[in-house]
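Asks: whatever this is, show me its structure:
(chains A and B)
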Protein chains: 2
Amino acid sequence: MAGILRKEAFDIPEGVIYLDGNSLGPLPRGVGARMQDMLSDEWGEMLIRGWNGAGWMDQPSRVGDSVARIIGAAPGSVVMGDTLSIKVFQALAAGIKLVPERRVILSDTGNFPSDLYMAEGLVGLLGQGYALRTVAPEEVLGATDDSVAVVMLTEVDYRTGRKHDMNAVTRAAQDAGAVMVWDLAHSAGALPVDLAGSGCEMAIGCTYKYLNGGPGAPAFIYVRPDLADRVEPALSGWLGHRKPFDFDLGYTPGQGIERMRVGTPPVLQLTALEVAMALWDDVDMQELRTASVALQEQFIEEIERDVPQLTLASPRDAAVRGSQVSFRFAEGYAAMQAVIDRGVIGDFRAPDIMRFGFTPMYLDSGDVTAAVKIIAEVMNDDLWDQDKYKVRSKVT
Amino acid sequence: MAGILRKEAFDIPEGVIYLDGNSLGPLPRGVGARMQDMLSDEWGEMLIRGWNGAGWMDQPSRVGDSVARIIGAAPGSVVMGDTLSIKVFQALAAGIKLVPERRVILSDTGNFPSDLYMAEGLVGLLGQGYALRTVAPEEVLGATDDSVAVVMLTEVDYRTGRKHDMNAVTRAAQDAGAVMVWDLAHSAGALPVDLAGSGCEMAIGCTYKYLNGGPGAPAFIYVRPDLADRVEPALSGWLGHRKPFDFDLGYTPGQGIERMRVGTPPVLQLTALEVAMALWDDVDMQELRTASVALQEQFIEEIERDVPQLTLASPRDAAVRGSQVSFRFAEGYAAMQAVIDRGVIGDFRAPDIMRFGFTPMYLDSGDVTAAVKIIAEVMNDDLWDQDKYKVRSKVT
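Replies: Next up, the predicted model:
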């Protein structure tokens, strides 16, 4: 396939411009047929024999390898499973054991709340002076001192798209003797990531955003290969055991990244994800980044020209921005509902962020122009200022 | 629907007698069509709006209620998510916080190894003298003393089908001041469970066995309603937060059982499971138990009559047996392969257990007779004694 754009690979509804692939990627066309085959020929026909016969048991590692390529990790260093929140817990629990004399997990206020909640749950469970320290994103480098066991950050801020300097922060963490854990939720499939090059100890991420794995698609975890046989899995489930089917009473960790598996893998979700990952086989991540930045720059320019009542919340410099653009507007929730009603799907993040994701696999420059035209109409004619848009729903 | 038998609701291959529904239930016929609709009309068409519009966000509680009915729990006391291994960890971590002055988790050697591994991981993470104590199943009552914080047992032994007395063990645990956690992996959908009546504090289980939710279907967790607002979630993910979409930086647990949700739910798996659970709407669990016991008794009688070289490994008394029958045979692995090759699907558990599950929704007395005939042929003609059956594969 030449180039990055492959609209025909996705089932996007007529009349929709989808700027929310940073929250839930659209349906890859091949998923439906593959899922039917999987249900009838594998679950239906092979029944329990599917675990070996249909390769279900190896799926977490096989799909992990396809994710590894996207994030600059070696084959065999990534495995799929659980949710991102569980993977945060798993990475943090392994990280603190690598630096047993320290008690602090350092993160920032731009991190996705669930990452902070999971850290809070872990330190609460541990007691003994363990604590989560949270600073502003720009203060992370200065806050990384010799009390810190683990630095855990999301590379790209979920609200603003602000991007950390992965290499610089990793170096600072390691210079201070801490373990570095990166959350790649808004990075994997969004921009080039060079995990191996960064030297970070662990990374985690999800696959339902830019990787288009579907609602509730499983998470991934990466452990630096030289550490993979050393980390102690606190979530020591049977499929991370060296020999799960020996049914030993005691736990012996599996080899390498396999030990980060926990329970029975979600085969239906992995089957959908595997179809989605095949779309990445020939994607050059630098080329994708160039296309993503071009769409974002065009969007910022056209919005600032046509809709001046919106205030850019994302960094203006594309070099420190992920693959999304956010604008502030006091009535952003109502405004986003009105925009969505007209077929431009972005989302809203409290208190006032209108968020738009850019995904060059299924968006081109014409889509950006068409989206801005609709947003301008809604904003300039105050179409959002109606009761039906102003009721704040539970999920936004 | 009259009676329990509903073979037409399942897609079981021609020529197969499926005695492994205790490991992975067969495909309910409605799953394929529902999955296609979900993919095209929900993920495809609604995209991110499916979280509210298609009810994905409420699915873990909605499906939880349908599981609750099967296990004698009140609506609103069960929620779905994660894997059973993660749910073990979650229940144990909540349990030990309820009895902060004690340090012992008590289990038995008949427990499924992953339950023990997860407990091992938790006590290893905690340090401070926390320990897992494991005794023989028949010694549990005597071992429940005032050092024990949590008693965690699987009601039905995965190898032999031996069943604990849920009420008696719960009472003993609580009399000793411990918290009782039941794993219902081989109980839910297999026999009547009266969780509320037992008074146990927590329970967990999986849905891919007797509940037919499909490979990797999510687990469930129950918390006794009077405790649900008191338990401290160590796996404090955003969807267990009181207001996940406020994106607060600090965690506030959700109301009741909702706090046991962790990350983004696996919508595809839950969609399949929801179809499977609909088959239980009119099932009377006492009637199911009567049918299950009748099939098991017939199987034991016919095997002992026709295949005397197999030795019963399950309790002979149906009152203390789940919904499976196991026999010991030194070359059980090879024998089971040969039996499977002839269309009778059971499974093998090391070192010598040939395991057969009985599921009266899609098995009748004619199936039992036909299965025994094939097993007798294989065993009496030593058909298992060929090289092709004697190589032990990775997954058994």
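Asks: and A:Gly216, how far is that from chain B?
Replies: Distance of A:Gly216 to chain B, given as Cβ to the nearest Cβ, to the nearest Å: 4 Å. Every residue, glycine included, has its C-beta placed from N, CA and C.
Asks: output stretch A:56-75 as PDB, restricted to C-alpha atoms.
Replies: This file holds the C-alpha atoms of stretch A:56-75, laid out as PDB (Å, rounded to 0.1, in the frame of the first residue of the first chain):
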ATOM      1  CA  TRP A  56      -5.400 -18.600  21.100                       C
ATOM      2  CA  MET A  57      -2.700 -19.400  23.700                       C
ATOM      3  CA  ASP A  58       0.000 -17.500  21.700                       C
ATOM      4  CA  GLN A  59      -2.100 -14.600  20.700                       C
ATOM      5  CA  PRO A  60      -1.000 -12.300  23.500                       C
ATOM      6  CA  SER A  61       2.700 -12.600  22.400                       C
ATOM      7  CA  ARG A  62       1.900 -12.700  18.700                       C
ATOM      8  CA  VAL A  63      -0.200  -9.500  18.800                       C
ATOM      9  CA  GLY A  64       2.400  -8.100  21.300                       C
ATOM     10  CA  ASP A  65       5.000  -8.400  18.600                       C
ATOM     11  CA  SER A  66       2.900  -6.400  16.100                       C
ATOM     12  CA  VAL A  67       2.500  -3.600  18.800                       C
ATOM     13  CA  ALA A  68       6.200  -3.800  19.500                       C
ATOM     14  CA  ARG A  69       7.100  -2.700  16.000                       C
ATOM     15  CA  ILE A  70       4.900   0.400  16.300                       C
ATOM     16  CA  ILE A  71       6.600   1.500  19.500                       C
ATOM     17  CA  GLY A  72      10.200   0.800  18.700                       C
ATOM     18  CA  ALA A  73      10.500  -2.300  20.900                       C
ATOM     19  CA  ALA A  74      12.200  -5.600  20.000                       C
ATOM     20  CA  PRO A  75      10.100  -8.700  19.200                       C
END
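Asks: can it be found next to chain B?
Replies: Yes: Stretch A:56-75 comes into contact with chain B (Cβ under 8 Å from any Cβ of the partner chain), by way of A:56-57.
Asks: ok, which stretches of chain A are helices?
Replies: Secondary structure of chain A (DSSP state H): helices located at A:30-37, A:45-46, A:50-53, A:59-70, A:84-98, A:113-126, A:140-143, A:166-175, A:195-198, A:267-278, A:285-306, A:332-341, A:365-380, A:387-390.
Asks: can you put the ones you listed in CSV and add mean pLDDT, mean neighbour count and distance to B:Arg62?
Replies: Formatted as CSV, the helices of chain A follow (pLDDT from 0 to 100; neighbours: other Cβ atoms under 10 Å in any protein chain shown; distance: least, Cβ to Cβ, whole Å):
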stretch, mean pLDDT, mean neighbour count, distance to B:Arg62
helix A:30-37, 98, 18, 22
helix A:45-46, 98, 18, 30
helix A:50-53, 96, 18, 27
helix A:59-70, 98, 22, 27
helix A:84-98, 98, 26, 21
helix A:113-126, 98, 24, 22
helix A:140-143, 95, 17, 41
helix A:166-175, 98, 18, 40
helix A:195-198, 98, 19, 38
helix A:267-278, 98, 25, 18
helix A:285-306, 98, 18, 37
helix A:332-341, 96, 23, 25
helix A:365-380, 98, 18, 34
helix A:387-390, 89, 12, 27
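Asks: let me see the domain layout of chain A.
Replies: Using automatic domain parsing, the domain parsing of chain A gives A:7-28+A:283-390, A:30-278.
Asks: next, the distance between the ends of the first one.
Replies: Separation of the first and last residues of domain A:7-28+A:283-390 by Cα to Cα, to the nearest Å is 33 Å.
Asks: roughly how far out does that domain sit from the chain middle?
Replies: How far domain A:7-28+A:283-390 lies from its chain's middle: 18 Å, per Cα atoms, centre = their mean, to the nearest Å.
Asks: and if you look at stretch A:30-38?
Replies: For stretch A:30-38 - counting by Cα atoms, centre = their mean - the centre lies 24 Å from the chain centre.
Asks: can you check stretch A:95-110 too?
Replies: With Cα atoms, centre = their mean, you get 21 Å for stretch A:95-110.
Asks: before we move on, back to that, quick one, which of the domains of chain A gets closest to B:Pro218.
Replies: The closest of these to B:Pro218 is domain A:30-278. By Cβ to Cβ, the value is 7.5 Å.
Asks: straight-line length of that closest one, end to end?
Replies: Start to finish, the residues bounding domain A:30-278 are 10 Å apart (Cα to Cα).
Asks: might you enumerate the residues of the stretch 51-200 of chain A proximal to chain B?
Replies: Contact residues (Cβ under 8 Å from any Cβ) of the stretch 51-200 of chain A with chain B: A:51-52, A:56-57, A:82-86, A:89, A:93, A:97, A:109, A:112-114, A:116-118, A:120-122, A:124-128, A:134.
Asks: how near is A:Thr369 to B:Pro351?
Replies: Distance, A:Thr369 to B:Pro351, by Cβ to Cβ, to the nearest Å: 68 Å.
Asks: ugh, wrong one, A:Asp20
Replies: With the distance defined as Cβ to Cβ, A:Asp20 ends up 53 Å from B:Pro351.
Asks: cool, A:Gly161 as well?
Replies: Look at A:Gly161 and B:Pro351: by Cβ to Cβ, they are 56 Å apart.
Asks: which of these two has more residues huddled nearby?
Replies: More crowded of A:Gly161 and B:Pro351, by other Cβ atoms under 10 Å in any protein chain shown: A:Gly161, with 26 against 12.
Asks: number of nearby residues for the closest residue to chain B within the stretch 51-200 of chain A?
Replies: Per Cβ to the nearest Cβ, the residue of the stretch 51-200 of chain A with the smallest distance to chain B is A:Thr83, at 2.7 Å. Around A:Thr83 there are 30 other residues, counting by other Cβ under 10 Å.
Asks: and the closest residue to it other than its chain neighbours, what does it touch?
Replies: Excluding the flanking residues, the one nearest A:Thr83 by Cβ to Cβ, 6 or more residues apart in numbering or on different chains is B:Gly263, at 2.7 Å. Counting by Cβ atoms under 8 Å, 6 or more residues apart in numbering or on different chains, B:Gly263 makes contact with A:82-86, A:114, A:219, B:81-82, B:237-239.
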